[in-house]
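Trainee: need a 3D model of the sequence below.
(3 chains)
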Amino acid sequence: MNQFLAQPQGETFELFYAKLMQWFDDNGRHNLPWKPQTQYTEAQNIYHIWLSEIMLQQTQVVTVIPYFFNFIEKFPTATDLANAEQEEVLKAWEGLGYYARARNLHAGAKIIRDKFNGEIPLNYQDIQSIKGVGRTTAAAIISQGFNRPFAILDGNVKRVMARITGAMHPEKQLEKVLLPFAYLMSAQNRPDDYTQAIMDFGATICSKNPKCNQCFWQSHCITYHYQKMDQIPAKKVKLIKKDIELYPVIIQNQNGELIFHQRTQETIWHNLYEFPHLDSHLNELEALFNTDNAKLLSTQELPSFKHVLTHINYEIYPIIIQVESYKDALQFNDQIYPWVNAETYTTYAKTKPTNDLLNIIHIQS
DNA sequence: AAGTCGGGGAG
DNA sequence: CTCCCAGACTT
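Mentor: Modelled structure (predicted):
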């Protein structure tokens, strides 16, 4: 079948818009915690919208909510966030994923503090000069924060618009094709509510497995007419995942202290803490220790487990090692690591597998 | 245009 | 298991 696409006829879109807003008034999510509230200043309310939009990138609402509350308690204003240490920000972000967002958020807060006097700027160009804010996030901030029409075209909106227009274009072309529709819709009345409405509709009714029997547009929908709900929008190309084996070593001394390694390379989990890794589980552990610093007492292999990322499947083979330490640091894999007690490593922002392992050994002990 | 960034919810 | 989420950034 050709990639057909219904042209945006004004009358049809006005009807869809009217029905969408009616649906939103009756069924939409009206009480999200980052909606502007009177107990906060206007600058804080805009800050909340910006913060939530960064957190919501590729992340669902229910996942974001507890992180959002924690952030605005720890960092009540953009300037507070800018003045915080990166370690604090990473710790607050721990477990939310896509840690570049946390670094960009922190850098963006400094831009807001230094260039915009601590307040999120009002115009589209200035907003996008803030690190981590692209076209979609900029549109969301402006439409919700300032009630001005800007084209929202995120994953939800793409799905809705592809369905109602019957657009079968692959992912890369779809956004370009739908952009005129996005502008047309956003230019109607109630731009702030529209942004929330179209995304709520995509998230709850026109979802991956759509609830067409609850949809106000069923009789008009091209995709429903041809029963192509499972083909529109077109599936993303399946990417090939790498399989990587990891061999983390949990090194514990007689005081219950542990050894941690902070990641530095500009790849995943940037600046987060983890247990040091062996090249393989075949390494002779005894040879890795400087006997002046510690004596190896015992080793134990823990059950392996998987950790899945967007493009990597990790299979993790952990080993726990008990040593008797003589000094406050340990030489291991040609590096010197300090012994870290629980009070300290609790404050570290750690990778998800590292926290999983900590939970395992704490349950054991 | 394609690749690189986490983690979790839902089916 | 699979799919995908209020995507941005780099190359």
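Trainee: with adjacent residues omitted, what lies nearest to the closest residue to DNA strand B within the stretch 201-350 of chain A?
Mentor: Among residues of the stretch 201-350 of chain A, the one nearest DNA strand B by Cβ to the nearest atom of the strand turns out to be A:I268. It sits 2.7 Å away. Where C-beta positions appear, they are placed from N, C-alpha and C, glycine not excepted. Of all residues beyond its chain neighbours, the one nearest A:I268 is A:L309 (6.9 Å), with distances taken as Cβ to Cβ, 6 or more residues apart in numbering.
Trainee: what is the burial count for that neighbour?
Mentor: Counted with other Cβ atoms under 10 Å, the burial measure for A:L309 works out to 14 neighbours.
Trainee: phi, psi for it please.
Mentor: Reported as degrees, to the nearest 10, the phi and psi values for A:L309 are phi -110, psi -180.
Trainee: quick one: the helices in the stretch 251-365 of chain A?
Mentor: Shown for the stretch 251-365 of chain A, the helices assigned by DSSP state H, counting those that start in this stretch span residues A:342-345, A:352-364.
Trainee: mind putting these into JSON lines with mean neighbour count and distance to DNA strand C?
Mentor: As requested, the helices of the stretch 251-365 of chain A are exported to JSON lines (neighbours: other Cβ atoms under 10 Å; distance: least, Cβ to the nearest atom of the strand, whole Å):
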{"stretch": "helix A:342-345", "mean neighbour count": "12", "distance to DNA strand C": "28"}
{"stretch": "helix A:352-364", "mean neighbour count": "15", "distance to DNA strand C": "15"}
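Trainee: what sits against the residue of the stretch 201-350 of chain A closest to DNA strand B?
Mentor: A:99, A:309, A:312 (Cβ atoms under 8 Å, 6 or more residues apart in numbering).
Trainee: ok, of the helices of the stretch 251-365 of chain A, where does mean pLDDT dip lowest?
Mentor: Summarising mean pLDDT across the helices of the stretch 251-365 of chain A, the least confident stretch is helix A:352-364, with a mean of 90.
Trainee: send the alpha carbons of that helix over as PDB?
Mentor: C-alpha atoms of helix A:352-364 as PDB (Å, rounded to 0.1, in the frame of the first residue of the first chain):
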ATOM      1  CA  LYS A 352      21.500   0.200  38.400                       C
ATOM      2  CA  PRO A 353      23.400  -3.100  38.400                       C
ATOM      3  CA  THR A 354      25.600  -1.800  41.200                       C
ATOM      4  CA  ASN A 355      22.500  -1.100  43.400                       C
ATOM      5  CA  ASP A 356      21.100  -4.400  42.400                       C
ATOM      6  CA  LEU A 357      24.200  -6.100  43.700                       C
ATOM      7  CA  LEU A 358      24.300  -4.100  46.900                       C
ATOM      8  CA  ASN A 359      20.700  -5.200  47.600                       C
ATOM      9  CA  ILE A 360      21.700  -8.800  47.000                       C
ATOM     10  CA  ILE A 361      24.600  -8.800  49.400                       C
ATOM     11  CA  HIS A 362      22.600  -6.900  52.000                       C
ATOM     12  CA  ILE A 363      19.800  -9.400  51.800                       C
ATOM     13  CA  GLN A 364      22.400 -12.200  52.300                       C
END
